[in-house]
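Asks: what's the 3D shape of this:
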Amino acid sequence: MNTDIIIAPVITEKSQVLSSNGKTFVFKVRKDANKIQIKNAVEKLFNVKVKSVNTLNTKAKDKRVGRYTGKTKTYKKAIVTLVDGQTIEM
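Replies: Residues are numbered from 1 along each chain as shown. All right, here's what the predicted structure looks like:
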């Protein structure tokens, strides 16, 4: 049940800059997951020790294709900081 909390890693320029230090990683997680559940899921899935978890809910952005407009999907993002000496291979 813990492993289905993490949906996917977030691969953006900003998340790559954060993960370049080897301690901070960004994941897309389930909307109803809390910080404790995210911490336990990352520790179990990647076999590492987590120092802290910060979460945020993304907002829907307007997108256009020709004359048609729509919105992007919202999701919850978790920024996970690992204890010194720990790392995740992506």
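Asks: in this structure, which helix or strand is least confident?
Replies: Least confident element among the helices and strands of the chain, by mean pLDDT, DSSP states H and E: helix 13-19 (a mean of 92).
Asks: hmm, who's touching the helix or strand following it?
Replies: Using DSSP states H and E, the helix or strand that follows helix 13-19 in sequence is strand 24-29. For strand 24-29, the external contacting residues (CB atoms under 8 Å, 6 or more residues apart in numbering) are 5-10, 12, 15, 18-19, 38, 42, 55, 75-82, 88, 90. (Each C-beta comes from the backbone N, C-alpha and C, glycine too.)
Asks: now strand 24-29: buried residues?
Replies: 24, 25, 26, 27, 29 (16 or more other CB atoms under 10 Å).
Asks: for these, which one is nearest residue 47?
Replies: Nearest to residue 47 out of the buried residues of strand 24-29 is residue 25 (CB to CB; 13.9 Å).
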